[in-house]
Structures are given as C-alpha cells and as structure tokens.
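1. With the sequence up front, the predicted model follows.
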Amino acid sequence: DAGVTQSPTHLIKTRGQQVTLRCSPKSGHDTVSWYQQALGQGPQFIFQYYEEEERQRGNFPDRFSGHQFPNYSSELNVNALLLGDSALYLCASSEGYEQYFGPGTRLTVT
Amino acid sequence: GENVEQHPSTLSVQEGDSAVIKCTYSDSASNYFPWYKQELGKRPQLIIDIRSNVGEKKDQRIAVTLNKTAKHFSLHITETQPEDSAVYFCAASWGGSNYKLTFGKGTLLTVNP
C-alpha cells in the first residue's frame, strides 16, 4: 500500500509565473490538506479538500487555489509567484483525525 | 486566532537521558493533539497523538500528556537514542476529525552518543 505521494520533488520558477503541484492520498483516504512549510518553521495550513470541494481554508491569498479529483487526488495551484512563496509544500491525507504527510515539493522562486 | 507555542526551540541530551518538549494552545475547544517527527529533508511523520478525553498516552519510549485546564501538552521521550535526533512538531486542531492542524514552530532535538 503506497503512502501519500507528491510530484514533482523539486521545482524552480520565476517571479510572476504559475505552478501546479500534485498529491495522491494514501489508499482509503478521502481528504487532502495542503500545508506550506518555510525553512525552520512548522507547516502552515493552506486549505483542505473533501468530496471535490474546498472545506476549510487558512490565511492564504486567492493566488493559492486547488482542486480535488474523483479519485481523491489533489492539485495545488499558485499564480503570480512571489519570492516569499519559496517553501516546502506538503500535502497530507486523512480519513479521520490522523493526517499523514507526503514527501513534499520544494518550490524555489527566483 | 488559533495559536500553538512550543518550547524549547532546541534541546540537546546525552544518549539514554530523557527529553521533554512542551506546547501550549490558545483555544480551549482544541480536542486533538498530534506530535510529528521530521528528519532533515524528509516528511513529517506522525509519532503519537492524544485526544482531549485522555490525559496520557504511551507507545514504547514515547508518551504524551495533556493538561486541559492549563491548556498544555507535552512529549516525553525516555532512553533517548541518536536516531531520535530530529525536529519535533506539536500541533492542535479544534472541530471534528479531518480538521486543520495548527503547528508549533518545532524543537530541534539532538541526542549525543
């Protein structure tokens, strides 16, 4: 049984560009949450998807958007990238209280 | 808004000693408190969690205690080993299951052989 997977592993983008990150949840999990982890900080909640809808949202601007597909996989889109968007983006899947993280996508904005 | 504070930010112990990391939370409605271990360059790994209807939970060398009155919870690692060296994060959520997690800033634990 595969755990949570994410792609790509690393990504380098230029300011102003757009990026799409992908996440496949653990088998049997129907909920996907996205977190941003800046260097030396704890993960910060971006939003959560359940039944293909955004169920909760953290304090992130509208430049951050997402999608969940019928197979429960999810995408995170960030538009108009800023230097400050450089971070490790983690997705976590859950089916109850416990959230299990993927390996993350390291995004660097230059 | 929700806030989780974690102390200390760094902790160095000798192999075999115990380590304790403490967190406080702001919202008395919090009902779920997980702890994650993150090794350098790796994903956060859930190591233990506790719900608000339980005061203590143990799993081998790891234990978590919760004091709802004082709004704080702690991670206890006994008989530390070099492979316990990592960054540890506490988190809290309030609401039902699958609710968002609010994390502390992390504790870098170093276990010296």
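-> Great, that's in hand.
2. so how far is residue B:86 from whichever residue of chain B sits closest to chain A?
-> Here chain B gets closest to chain A at one residue, residue B:103, 3.2 Å apart by CB to the nearest CB. Every residue, glycine included, has its C-beta placed from N, CA and C. Relative to residue B:86, residue B:103 is positioned 15 Å away (CB to CB, to the nearest Å).
3. quick one: low-confidence ranges for chain B?
-> Scanning chain B for pLDDT under 70 picks out B:1, B:96-98.
4. residue ranges for the helices of the chain, please.
-> If you meant another chain, say so; for now it's chain A. Ranges of helices in chain A, per DSSP state H: none exist.
5. Can you look at chain B instead?
-> According to DSSP H, chain B contains no helices.
6. residue boundaries of the strands in it?
-> B:4-7, B:10-14, B:19-25, B:32-38, B:45-51, B:56-59, B:62-67, B:72-77, B:86-92, B:102-103, B:107-112 (DSSP state E).
7. now chain A
-> A:5-7, A:10-13, A:19-24, A:31-37, A:44-50, A:53-57, A:64-68, A:74-78, A:87-94, A:99-101, A:105-109.
8. Using JSON lines, lay out the ones you listed together with distance to residue B:25.
-> Output for the strands of chain A, formatted as JSON lines (distance: least, CB to CB, whole Å):
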{"stretch": "strand A:5-7", "distance to residue B:25": "28"}
{"stretch": "strand A:10-13", "distance to residue B:25": "34"}
{"stretch": "strand A:19-24", "distance to residue B:25": "27"}
{"stretch": "strand A:31-37", "distance to residue B:25": "18"}
{"stretch": "strand A:44-50", "distance to residue B:25": "15"}
{"stretch": "strand A:53-57", "distance to residue B:25": "18"}
{"stretch": "strand A:64-68", "distance to residue B:25": "25"}
{"stretch": "strand A:74-78", "distance to residue B:25": "27"}
{"stretch": "strand A:87-94", "distance to residue B:25": "19"}
{"stretch": "strand A:99-101", "distance to residue B:25": "17"}
{"stretch": "strand A:105-109", "distance to residue B:25": "29"}
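9. Those strands: which one's closest to residue B:58?
-> Checking these against residue B:58 by CB to CB gives strand A:99-101 as the closest, at 21.3 Å.
10. picking that back up, wait, doesn't the residue of chain B closest to chain A sit right on residue B:89?
-> Yes: look at residue B:103 against residue B:89 with CB atoms under 8 Å: they come within range, at 5.1 Å.
11. what touches both of these two?
-> Both residue B:103 and residue B:89 are contacted by A:42-43, B:36, under the criterion CB atoms under 8 Å, 6 or more residues apart in numbering or on different chains.
12. Closest to residue A:24 out of those residues?
-> residue A:43 (18.6 Å).
13. which residues sit in contact with the closest one?
-> Contacts of residue A:43 (CB under 8 Å, 6+ apart): A:35-37, A:90, B:44, B:89, B:101, B:103.
14. Could I get the pLDDT score of it?
-> Residue A:43 carries a pLDDT value of 97.
15. that older thread, and the residue of chain B closest to chain A, how many neighbours does it have?
-> 22 (other CB atoms under 10 Å in any protein chain shown).
16. Quick one: residues contacting residue 19.
-> Going with chain A. A:11, A:13, A:77-78, A:81, A:107.
17. hmm, I had chain B in mind actually
-> So residue B:19 contacts B:11, B:13, B:75-77, B:80, B:84, B:109, B:111 (CB under 8 Å, 6+ apart).
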